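In: sequence and predicted structure are below.
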Amino acid sequence: TRCVEHSSRRQKVFDMLPRASRRGYTLFCFHFCSSRFCTRTSMRSSLSSSREEQRGKTRNETTEKRFQSNAANEKDGAKRALVLSKTRTFAREDVEQFAKITGDSNPIHVSRTATTDNIVHGALLVSMFPAIVGSTFPGAKYLRQTAMFRNECPVGARVTATVRKVKETRGGKIVEFETKVRCAEDEGKVYVDGFALAKIE
């Protein structure tokens, strides 16, 4: 708009000074060039905006490809998930010996006069998890174990402990496991479940 206004004013001056045709012509050319300069500047600005948009689009596509690649790696890792299990029976002698070692002589575990069946110590069931990890990965160090006791496990029941790898960090040195103890005869009956973390050497 400014270029148009200036051009109109200079045109009036040009008309009023016929003897100074060269000067008027020079002024006219100057403003004509200025107008072209404004047009070029506007075009450059548009091109710059288009390039920025293209760069942003390229960045988004690259990020999306990385996420897709990570998702594919996670799926591959799930296919290679490690599952270990061990089945055994905790007899009364096992429970009584554990009670002596730990000092946990709660009658629900060891009393022979109880009106109901004695139940296995929860900690004794949980001890199956580090036993599986340690025997599978000699030198492994147990770092953490969470446990939720879902059902009472009667003494003499046959149980199956399962350890499933769910995550690796630090190049596979730190491994997280999902841990469960079920009734061997009824897999739907869970006695204990939780998660464990171990350092694998």
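Out: Alright, I've got the coordinates.

In: who's in contact with the nearest residue to Glu152 once chain neighbours are set aside?
Out: Among residues not flanking Glu152 along the chain, Ile119 sits closest, at 4.5 Å (Cβ to Cβ, 6 or more residues apart in numbering). The way it works is simple: take the backbone N, C-alpha and C, and place the C-beta from them, glycine included. If you count contacts by Cβ atoms under 8 Å, 6 or more residues apart in numbering, Ile119 has them with Ile108, His109, Glu152, Cys153, Pro154, Val155.

In: pretty sure the first one contacts Asp117?
Out: No. Contact between Ile108 and Asp117 fails when scored by Cβ atoms under 8 Å: they sit 9.5 Å apart.

In: rewinding a little: let's see if you can find the most crowded of the contacts of Ile119.
Out: Greatest neighbour count in the contacts of Ile119, by other Cβ atoms under 10 Å, goes to Cys153: 23 neighbours.

In: next, work out how far apart that one and Gly171 are.
Out: The gap separating Cys153 from Gly171 is 37 Å, by Cβ to Cβ, to the nearest Å.

In: buried set for the strand or helix carrying Leu125?
Out: Using DSSP states H and E, Leu125 maps to helix 122-126. By neighbour count on 16 or more other Cβ atoms under 10 Å, the buried set for helix 122-126 is Gly122, Leu124, Leu125, Val126.

In: what is it packed up against?
Out: Helices and strands touching helix 122-126, by 3 or more Cβ pairs under 8 Å, 6 or more residues apart in numbering; DSSP states H and E, are helix 92-102, strand 174-183, strand 186-199.

In: identify the residues contacting the last one?
Out: Applying Cβ under 8 Å, 6+ apart, the set of residues contacting strand 186-199 from outside is 122, 125-126, 129-130, 133, 137, 140-153, 159-160, 163, 166, 173-183.

In: mind listing the strands for the protein?
Out: 83-89, 141-145, 148-149, 158-169, 174-183, 186-199 (DSSP state E).

In: the residue lying closest to Leu124 once chain neighbours are set aside - how many residues pack around it?
Out: Closest residue in space to Leu124, ignoring its immediate chain neighbours: Phe98 at 5.0 Å, by Cβ to Cβ, 6+ apart. Residues contacting Phe98 under the criterion other Cβ under 10 Å number 18.

In: please tell me how far Phe98 sits from Ala161.
Out: Noted for Phe98: a distance of 15 Å to Ala161, by Cβ to Cβ.

In: same deal with Leu84?
Out: 9 Å.

In: can you check which residues contact both of the two?
Out: By Cβ under 8 Å, 6+ apart, the residues touching both Leu84 and Ala161 are Ile132.

In: returning to what we had before: ok, of the contacts of strand 186-199, which come out buried?
Out: By 16+ other Cβ under 10 Å, the contacts of strand 186-199 give 122, 125-126, 129-130, 133, 137, 140, 145, 147, 149, 153, 159-160, 163, 175-183 as buried.
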